[in-house]
Structures are given as structure tokens and as C-alpha cells.
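>>> sequence first, then the predicted structure, then my questions.
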Amino acid sequence: MTIRSRSAAALAGFAATALALTACGTGEQAGPGAGDKIKVVASTTVWASVVQAVGGDAVEVEPVISDPNADPHSYESTPQDAAKVTDADLVVFNGGGYDEFMERILGNSGQGKPTVEAVKDEHEGEPASEHEEHGEPASGHEGEPASGHEEHGGHEGHDHSVNEHVWYDLHVVEQVAAQVNAELSKLRPAKAEQFGQAAGRFAEEIGKLQGRVGELGDQNRGKQVIVTEPVAHYLIEAANLQDITPPEFVNAIEAETDPSAAAVAAIQNAVNAKQAAAVIYNPQTESPVTRNVRTAAEQNQIPVVEMTETLPQDKTYVQWMDAQITALQTALNQNR
């Protein structure tokens, strides 16, 4: 190599190094490259599954809570969780006080992070989506918590008609998928068509589930059910079923306190009188009191349907919800 060639090569190398140093020194975080997967963190496996359905092979989704037996209400986040959220390109969480650990992490270290919040806006009927500064936890209208709780940090004052378990509201799930589509398309415009098509297919699957719930409601309109915790409130409502559980009972169970003797007696009397066509049981909030309700139901030959807060292993959201709708239909058919 000639001296001139060596000088040219050295100059080119210096320019490349200078360019790299300039890029590193801007202080800005680069978005995902064309060949990189979009990193998404979801609070639970439910929302991770929805993101995966839309994002496909273009996303790398990690739920904070992956244990199917864990109770997200009482989950305490770790520094590792905070690091995952900080490094994510998109964050999807439930909101409404359900997964408060995510709201705290976002408030502390998620400034400017694109987010999709699933909590149902009772005035608009749609989830919240943000592609702006996330400095404060989401709240409802005029300073009220979005979940309808008296206090954002607990389950006190639970309004049985306003419920943070919005993944049992199929319309909200469809809207979350649409918001995820919008956010992923902003992050990776070249794949916007792919995301849109996937979101469309997901919406079709949700539509089929909605049709099944509608048929279930037509066949079982007004049938009474008892719940050990109001996890499936929106599904029960959509199916035209009547929840006869004493509000004091479900409020206590959700707040992880003991129901009063009067509330326990009321629910036991309803079970023993066979007033309910089915008992809907959440094993993730199980306690001696709820186990007694389940035992009494089984002794009185009342079907027990398990409905949970997170996905079983190796199930998608659609597969899981389809199985739960089937289980509810089977239970109600036993009491025609």
C-alpha cells in the first residue's frame, strides 16, 4: 500500500470513528433499528399476549408477571422490573390501580415512554394511549382514579359496576390491540401494514368470542351466579347474567380482608338454597372463606367455573378466553 493510500485509509477510519463518537455523544436514545425487534414490556401475560398477536415476529415481548398463580394486585416490583421498563420501546399495562407497580415505575423512570394503558374510561369506553410524557400515574376525570376506587392504592370503596379487570371486556381488549397497532406503527413505520393486518385478524377473533358471549346471554338471560371475586364482572354483564353475590363479600375478598360474618352467612345461604346456576371462582385470590364457598357449591351440585387473572402456560389470550367461555356455557347448561 502506498503512503497516499495509507493516509486515505487512516483518514476514512478517523472520520468513521468521529461519526460514531458524535452519535454516542448526542445524549439521545436511538429507536429500534430496521433489523431489531421492538422491545415491549407488559405488566401481565394477558397484555403480553395481545401485543404478541399484533406485533408478531417484529416484537420481543416480556411480561413482568409471568407466574400463572401470582396475584397482580399484591405484586411488588423489583429493580430488575424497573430496568426492563426503562429499556423498553413500548410499555403496555392495565392501569386503574390494578398493576400500580407499573404506574410507579413509569412515574419514576419512564418519562417520555410510549405507553398503552388498558383501563376502561367509563365516559368514553376506550382505553388510554399515550405517546407523550408519562410523568403522573393515569387518573380519571376531575382527579378521580380511573378504576373507580375510593383510593388509588387499595381496593377500598370498590364500585361493583366499575371494575379494573378490563381484559374480560372484549371490546376493551380489541381497542387495546388497535392502540398497540398504532404505537408499533409509529416505532416501525415500515411494518405498519403488517401490524395493521395482524390487528385486523385479532379483531376478527375477538368478534367471534363476542358472538359466543352473545349467544350464551341469549340462552341464559337472567340466570343468577355467585362470584368469589369480581374478576369476570364484564363477561358476566355481557352474558346477561345476574351476580347475586353480596357486595360486602367481594369487596372484602378483593381487599384481602375477611368478610363479615353476615356477608359469609348470606353467601352460604344462597349456595345452600341453590339460588345460583354457577359459582365463578378465582383461584388467585383463594382464601379459607372462598374455599368454603367452593366446597359448599360442590356439595350442592352447583357447577364451579374457574376464571383467573393471568394466562395459563402456553395459551394465547384468545385460546384462554375461549376456554373460559366454554366452561361457563357448560356450567350453565347443567342447570337448564
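Done, it's in. Numbering: from 1, shown residues only.

>>> quick one, phi psi at Tyr62?
That one is not Tyr; residue 62 is Glu. Torsion angles at Glu62 (phi, psi; degrees, to the nearest 10) stand at phi -130, psi 120.

>>> and the pLDDT at it?
Glu62 is assigned 97 on the pLDDT scale.

>>> and what of Arg294?
At Arg294, pLDDT is 97.

>>> from Gly196, how far off is it?
44 Å (CB to CB, to the nearest Å). Every C-beta, even on glycine, is put in place using the N, C-alpha and C of the backbone.

>>> okay, strands next: where are they in the chain?
Here the chain has its strands, by DSSP state E, at 38-44, 59-65, 90-93, 115-117, 128-130, 224-227, 242-243, 278-281, 304-306.

>>> so what are the sheet partners of the third one and their directions?
With DSSP bridges as the criterion, the sheet partners recorded for strand 90-93 are strand 38-44 (parallel), strand 115-117 (parallel).

>>> please identify the deepest-packed of the ones you listed.
Highest mean neighbour count of the strands paired with strand 90-93: strand 115-117, a mean of 28 (counted as mean count of other CB atoms under 10 Å).

>>> avg pLDDT for it?
96.

>>> got any ranges where this protein has weak pLDDT?
1-35, 110-111, 120-162, 335-336 (pLDDT under 70).

>>> how about a cut-off of 50?
1-30, 34, 123-125, 129-161 (pLDDT under 50).

>>> in it, which helix has the most residues?
Ranked by residue count and defined by DSSP state H, the top helix of the chain is helix 192-220.

>>> and the angle from that one to strand 59-65?
50 degrees (axes from the mean of the first three to the mean of the last three CA atoms, to 10 degrees).

>>> residues of helix 192-220 that come out buried?
194-196, 198-199, 202-203, 205-206, 209-210, 212-213, 216-217, 220 (16 or more other CB atoms under 10 Å).

>>> that helix: how far from the chain's middle?
Averaging C-alpha positions (CA atoms, centre = their mean, to the nearest Å) puts helix 192-220 17 Å from its chain's average.

>>> what helices or strands is it leaning on?
Using 3 or more CB pairs under 8 Å, 6 or more residues apart in numbering; DSSP states H and E, the elements in contact with helix 192-220 are helix 45-55, helix 170-187, helix 233-238, helix 317-333.

>>> of all those, which one is nearest Pro246?
helix 233-238 (14.7 Å; CB to CB).

>>> can you tell me how far Gln268 is from Lys191?
55 Å.

>>> residues contacting the residue nearest to Glu174 when sequence neighbours are not counted?
Distances taken as CB to CB, 6 or more residues apart in numbering put Ile206 closest to Glu174, at 4.6 Å, once the chain neighbours are dropped. By CB atoms under 8 Å, 6 or more residues apart in numbering, the residues touching Ile206 are Leu170, Val173, Glu174, Ala177, Val318.

>>> and Asp36, by the same measure?
So Asp36 contacts nothing (CB under 8 Å, 6+ apart).

>>> a markdown table for the strands of the chain, including distance to Thr330?
Listed next are those as a markdown table, based on distance: least, CB to CB, whole Å:
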| stretch | distance to Thr330 |
| --- | --- |
| strand 38-44 | 26 |
| strand 59-65 | 29 |
| strand 90-93 | 32 |
| strand 115-117 | 34 |
| strand 128-130 | 36 |
| strand 224-227 | 14 |
| strand 242-243 | 19 |
| strand 278-281 | 9 |
| strand 304-306 | 8 |
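
>>> out of those, which is closest to Ala263?
strand 224-227 (12.1 Å).

>>> show residues contacting that closest one.
By CB under 8 Å, 6+ apart, the residues outside strand 224-227 that reach it are 233, 236, 241-245, 250, 267, 270-271, 275-282, 293, 297.

>>> again, but for stretch 67-77
43-45, 64-65, 94, 98-99, 101-102, 104-105, 155, 254, 256, 283-285, 308-313.

>>> quick one, which of the residues you listed are buried?
Here, 16+ other CB under 10 Å leaves 43-45, 64-65, 94, 98-99, 101-102, 105, 155, 254, 283-285, 308-311 buried among the contacts of stretch 67-77.

>>> my read: Trp47 touches Val91, true?
No. Contact criterion CB atoms under 8 Å: Trp47 and Val91 do not qualify, at 9.7 Å.

>>> neighbour-wise, which of the two wins?
A direct count of neighbours by other CB atoms under 10 Å for Trp47 and Val91 places Trp47 higher, at 31 against 27.

>>> with adjacent residues omitted, what lies nearest to that one?
Val92 (4.7 Å).

>>> now Ala238
Ala238's closest residue in space is Val213 (CB to CB, 6+ apart), at 5.0 Å.

>>> how near is that neighbour to Val119?
Relative to Val119, Val213 is positioned 21 Å away (CB to CB).
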